[in-house]
Structure formats: structure tokens, C-alpha cells
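S.K.: All I have is the shape, not the residue letters:
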Ligand SMILES: N[C@@H](CCC[C@H](N)C(=O)O)C(=O)O
């Protein structure tokens, strides 16, 4: 029987980015890709990202996060999900273990590094997403590019020239940002899978269409690696602000408007860290039914 069967979960969202939070502290095993897909495949526990809270490894941190996409793959970062985890660890009676906190910070380790989260209000959090990675081999790309503000991409079947010169940024996960006049004018459900799996991205990439409306306003739509079209992606919003500031299209602070709403992003001058502020919402809590996992176990042999 899966270690996830009968386990409590929280269904949350960050600007409509669907997040499931599961507490696996107490030495519980990591979730397998098949288990993640089994949870994602159910109506009630459907997610864009599953955030698994594990025991901390590094002294001085509060927890370690493992982040799963709908297709069972893992990601180093998830901005919207990290805010949801912080809410659960400060506010949910079970996950907070009786230490409900109306304010304060949490230090969360992800596979991409340390994420510090500060509570701003009952449903509002700021995540310090750390510095962006801008070198071609940090993103990573399959071949060297001296300047990642714009790379030349060979995309045979796409004839729109603006879709051949994305900016690329890693926020702990790979992002390609295509600069367009109107993100809604493109069929992102068709372009997304083609660009996500382009051979220049050996670890695939999150694909954004971005329009700069003013020095402090970007409009964004995102096709997420491993999850598809989502209503918001926090790390993509951070990547878009960094890329826009590097191209001198905006300053170092902007509101990023996604289909699910607004995030405020700041690229701090002093230490180069990117700060993301936005809301969370609890939709329901539930218990994962053992039956969810029989198919996953059968498939895993
Ligand atoms: N929605 C997330 C990012 C999710 C991770 C992504 N799909 C990946 O595989 O890198 C966010 O809010 O940052």
C-alpha cells in the first residue's frame, strides 16, 4: 500500500495555480512519479504542483520541499506553491503542529536552494526566490550562448519571428520568455509543448509569452513544463521581470499580471535576489483514498 494512502492533503491555489500540499515529515518516504500522477489524476486532488513537506536537512531551516508537476516530474522551484506551504505551516492546525503564527518567516530548502518566506498578511506572503541564474549552462541550454538576454532558436514550423528570440533565465527551474505585443493572440496550448521540448532545452523549459505594458507592468501567459497551461506561475513572473530589466524594458520592480491575477516582483539591487509577493487560498482539505494508488502501483510493477 502506498505511503500516501489515507494521508491528509490540502488543496490550495496561488492566483489559480493549483497546488496540493502534503506533510511527509516524520521520516516518510519520497513520493514516486507514479504516486504523484495518481494524486494529480483525481478530480478533488488535481494539481499543477504537489508540494511535499519533508524533515529539514540543513540546520536552521524549517523544512525541505520536494516539488512535483502533474506529469510526475520534479521542479527545483515553485513560487506560488511555496507561498501555499508557508500558509499551511503557519496557519493549518495539523501542519503547523499547534504553533499557528500570524507573522514571521520560514526558511524552506528546495532542490534549487533556500527559499525564505515572510508573512505579509492573513493570505499574503513574500518569497525570496534567491538570485536568477543567467549563464547558458546554468539554465541549462544544450549549447553555449554568450548573451542569454536573447538567444536564436531554430523553430521550423513557427513562422512568427518574435518566437525565435526568447530570453532565457533559471529561477531554480528553466524559463524561456518570448516578447510579444499581445500574449492572448497566440495559441499557447499548441506552441507550448513544441517549445517546452525544443532540443535547446535539455531539461525542457517553462514557456512564457510576455508583453511589457509599461516600465512597471508586464502581462504574462505561461505554458508550464510538466503541467501545461496554468492560471499563474510565480517563478515565470520572476524570470520575466529579470529578463525585462536586463533588456531595459522595465525597472527592477514590476507588477506581473497573469490570467489568475497579479504578483508584485522586485529584483533587489543589493544582493541580486528576486522577491515575489502574492496571495494564497485554501480550497479544501481531504484524505487521499487508497484506491487512488492501486493503478499507480500496478503500473510501477
Ligand atoms: N507554478 C510554479 C512553477 C512550477 C514548476 C514548473 N512547472 C517546472 O517544472 O519548472 C511557480 O509558481 O513557480
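M.R.: Structure's in. What do you need? Not measured: the values here are computed from a predicted model.
S.K.: For the rest of this, base every contact and every neighbour count on C-alpha atoms.
M.R.: Noted.
S.K.: Report the contact partners of the most centrally placed residue in the chain.
M.R.: The centroid of the chain falls nearest to residue 78 when counting by Cα atoms, centre = their mean (2.7 Å). Listed by Cα atoms under 8 Å, 6 or more residues apart in numbering, the contact set of residue 78 reads 49, 67, 233-235.
S.K.: So which of those sit within helices?
M.R.: Members of the contacts of residue 78 lying in helices (criterion: DSSP state H): 234-235.
S.K.: Please report phi then psi for the closest residue to residue 175 other than its chain neighbours.
M.R.: Nearest residue to residue 175, sequence neighbours excluded (Cα to Cα, 6 or more residues apart in numbering): residue 206, at 4.7 Å. When read as degrees, to the nearest 10, the backbone of residue 206 gives phi -80, psi 140.
S.K.: quick one: residue 206 and residue 222 touch, right?
M.R.: Yes: Residue 206 is in contact with residue 222 according to Cα atoms under 8 Å; the separation is 7.2 Å.
S.K.: shared neighbours of the two, anything?
M.R.: residue 236.
S.K.: picking up where we left off before, if we check the ligand, which of the contacts of residue 78 are in contact?
M.R.: 233-235 (Cα under 6 Å from any ligand atom).
S.K.: re earlier: residue 244 versus the residue nearest to residue 175, what's the distance?
M.R.: For residue 206, the distance to residue 244 (Cα to Cα, to the nearest Å) stands at 16 Å.
S.K.: Could you report the pLDDT at residue 3?
M.R.: pLDDT, residue 3: 75.
S.K.: Can you name the residues that contact it?
M.R.: Neighbours of residue 3 in contact, by Cα under 8 Å, 6+ apart: 28-29.
S.K.: and what of residue 120?
M.R.: Residue 120 neighbours (Cα under 8 Å, 6+ apart): 103, 126.
S.K.: Just to be sure, it is in a strand?
M.R.: Yes: counting by DSSP: H, G, I helix; E, B strand; the rest coil, residue 120 falls inside a strand.
S.K.: so how far is residue 196 from it?
M.R.: Distance from residue 120 to residue 196, by Cα to Cα: 34 Å.
S.K.: ditto for residue 126
M.R.: 28 Å.
S.K.: Quick check: which ranges of the stretch 1-150 of the chain have low pLDDT?
M.R.: The stretch 1-150 of the chain contains residues with pLDDT under 70 at 1.
S.K.: can you list the residues of it near the ligand?
M.R.: Residues of the stretch 1-150 of the chain lying near the ligand by Cα under 6 Å from any ligand atom: 69, 75, 77-81.
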